[in-house]
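Enquirer: here is a sequence with its predicted model. Questions after.
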Amino acid sequence: MRKELAKLNTTRMSFTAKVGKFGTKKNYHGYSEPTICLCNVKDIDGNIMTDHIWFTVGKTIDKLKLEVNELIKFDARVSGYRKGYFKDGFDYKLNNISKVERVN
């Protein structure tokens with residue numbers, strides 16, 4: 001479980017992360033969707049929140065044409081979710097990502 005994110009449940013805040021890799025997943029309708037793995041996700045004070053987190057690539061991320069190892073800054077809300085095929089686990093995620101920008 002992402003214990004640092006658990007402390008911030010329902011909080012919207014800014015984060016920084018390094019682009020780790022790109023992938024795909026099947027959506028609810030069975031179509032392939034692009035995904036992005038962000039590594040070393042930190043809060044603005046530099047505290048590590050999680051080692052990695054996956055997002056579906058939406059319009060905001062897609063238009064930036066990010067590359068692996070680029071550093072980005074973004075805002076997101078911390079929320080809990082049931083995980084696993086049988087929904088028998090629980091973890092925390094970041095959602096409602098916005099204000100995505102490159103950090104030079």
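Expert: In hand now; what should we look at? If you're wondering where the values come from, they're calculated on a predicted model, not measured in any experiment. Numbering: from 1, shown residues only.

Enquirer: show me the helices in this structure, by range?
Expert: 3-6, 59-62 (DSSP state H).

Enquirer: return the most buried member of the ones you listed.
Expert: By mean neighbour count, with neighbours taken as mean count of other CB atoms under 10 Å, helix 3-6 ranks first of these at a mean of 15. (C-beta placed from N, C-alpha, C; glycine too.)

Enquirer: what's the average pLDDT for that helix?
Expert: What helix 3-6 shows for mean pLDDT is 94.

Enquirer: quick one: residues in contact with it.
Expert: 47-50, 78, 80, 92-94 (CB atoms under 8 Å, 6 or more residues apart in numbering).

Enquirer: try 7 Å
Expert: Residues from elsewhere that reach helix 3-6, judged by CB atoms under 7 Å, 6 or more residues apart in numbering: 48-50, 78, 92.

Enquirer: wait, doesn't K25 sit right on E33?
Expert: Yes: counting by CB atoms under 7 Å, E33 is a contact partner of K25 at 5.6 Å.

Enquirer: who's more crowded, these two?
Expert: Ranked by neighbour count (other CB atoms under 10 Å), K25 and E33 place E33 first, with 14 against 11.

Enquirer: for that one, give me the pLDDT.
Expert: 97.
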